[in-house]
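A.B. asks: Requesting a structural model of the entry that follows:
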Amino acid sequence: MIRVLVVEDEPIAADAHAMYVERVPGFAVAAKAATAAEALRALGRGGVDLVLLDMNLPDMHGMDLVRAMRAAGHPADVMAVTSARDLEIVRAAVSQGIVHYLLKPFAFPALRDKLERYRQYRTRLAGTESVADQQEVDGLLATLRAPSPSHLPKGMSPESLSAVADLIRAAGTGLSAAEAAQSLQASRVTARRYLEYLAERGAVTRHLRYGGAGRPEVEYRWLPGKAD
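C.D. replies: Modelled structure (predicted):
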């Protein structure tokens with residue numbers, strides 16, 4: 001059994017990630033932590049194989065937590081689960097040996113795919129202290145790094161989803177589907193489809209906008225804490 005520490009300061013997201021982990025055979029949640037300090041205490045108690053790490057914690061950046069882990073001798077692997085798209089953070093994650101980098105928002109199949117690849121990697125490592133040749137090394141790394149399949153609904157693309165998410169995040173205030181469509185030079189139907197997808201996954205919230213004659217309009221706002 002692979003024991004997972006979920007490090008996430010937003011309670012709803014932490015519960016969702018823990019629930020996802022428990023749905024994957026061979027994985028169990030060892031603990032949840034809302035801060036870096038709580039995470040280090042949980043690691044100090046032992047029994048953690050993998051850390052699902054949010055990058056923007058209230059007391060320490062996720063990368064600093066990874067460095068603190070290593071300085072304290074904690075060997076658990078780390079999977080970043082974050083909205084951080086800054087290339088410098090991605091580079092730092094690679095340099096610190098983070099095994100996977102999963103961008104929010106995501107659906108269960110995306111995390112399941114990462115966890116299953118990680119489990120395959122650990123299985124191949126078990127019971128051996130050395131590798132026979134370069135081909136075996138390449139095979140081990142490929143287990144982790146093989147491209148993940150797209151889990152988006154048919155007709156949706158990761159690039160368009162990222163563009164819509166970035167637009168809502170940067171807006172600061174709510175945007176309607178029509179306003180998002182205008183900014184993205186897309187149809188209103190297309191914009192609404194991506195916005196509803198983000199809403200269903202808890203990345204944005206829906207609000208009614210009143211004003212003028214007729215029915216109120218739905219606007220979408222990035223959920224606080226999702227920009228970490």
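A.B. asks: From here on, just use CA atoms for contacts and neighbour counts.
C.D. replies: OK.
A.B. asks: Using CSV, list the CA coordinates for the longest helix along the chain.
C.D. replies: Across the chain, the helix with the greatest residue count (assigned by DSSP state H) is helix 108-125. In CSV, the C-alpha atoms belonging to helix 108-125 read as follows (Å, rounded to 0.1, in the frame of the first residue of the first chain):
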residue,chain,number,x,y,z
PHE,A,108,-10.3,12.3,-11.1
PRO,A,109,-9.0,10.4,-14.2
ALA,A,110,-6.0,12.8,-14.5
LEU,A,111,-4.9,12.2,-11.0
ARG,A,112,-5.6,8.5,-11.2
ASP,A,113,-3.3,8.3,-14.3
LYS,A,114,-0.5,10.0,-12.4
LEU,A,115,-0.9,7.8,-9.4
GLU,A,116,-1.1,4.6,-11.4
ARG,A,117,2.1,5.5,-13.3
TYR,A,118,3.8,6.2,-10.0
ARG,A,119,2.6,2.8,-8.6
GLN,A,120,4.1,1.1,-11.7
TYR,A,121,7.4,2.9,-11.2
ARG,A,122,7.6,1.8,-7.5
THR,A,123,6.7,-1.8,-8.5
ARG,A,124,9.5,-1.8,-11.0
LEU,A,125,11.9,-0.5,-8.4
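A.B. asks: Please name every helix or strand in contact with it.
C.D. replies: The elements that helix 108-125 packs onto, with contact taken as 3 or more C-alpha pairs under 8 Å, 6 or more residues apart in numbering; DSSP states H and E, are helix 11-23, helix 134-145.
A.B. asks: Could you chop this structure up by domain?
C.D. replies: Taking automatic domain parsing as the domain assignment, the ranges for the chain are 2-130, 158-222.
A.B. asks: mind checking which of those is nearest Leu152?
C.D. replies: Among those, domain 158-222 comes nearest to Leu152, with 7.5 Å by C-alpha to C-alpha.
A.B. asks: And the closest one, how far out from the chain middle?
C.D. replies: How far domain 158-222 lies from its chain's middle: 21 Å, per C-alpha atoms, centre = their mean, to the nearest Å.
A.B. asks: Could you find the residue nearest the spatial middle of this protein?
C.D. replies: Val81 (2.9 Å; C-alpha atoms, centre = their mean).
A.B. asks: That residue - that's part of a helix, no?
C.D. replies: No. Val81 is assigned strand when assessed by DSSP: H, G, I helix; E, B strand; the rest coil, not a helix.
A.B. asks: ok, it to Ala107 distance?
C.D. replies: 12 Å (C-alpha to C-alpha, to the nearest Å).
A.B. asks: ok, back up a step: in terms of mean pLDDT, which of the helices and strands packed on helix 108-125 ranks lowest?
C.D. replies: When the helices and strands packed on helix 108-125 are ranked by mean pLDDT, helix 134-145 comes last with a mean of 60.
A.B. asks: Now do the helices in the protein.
C.D. replies: Going by DSSP H, the chain shows helices at 11-23, 36-44, 62-71, 87-95, 108-125, 134-145, 158-171, 177-184, 188-200.
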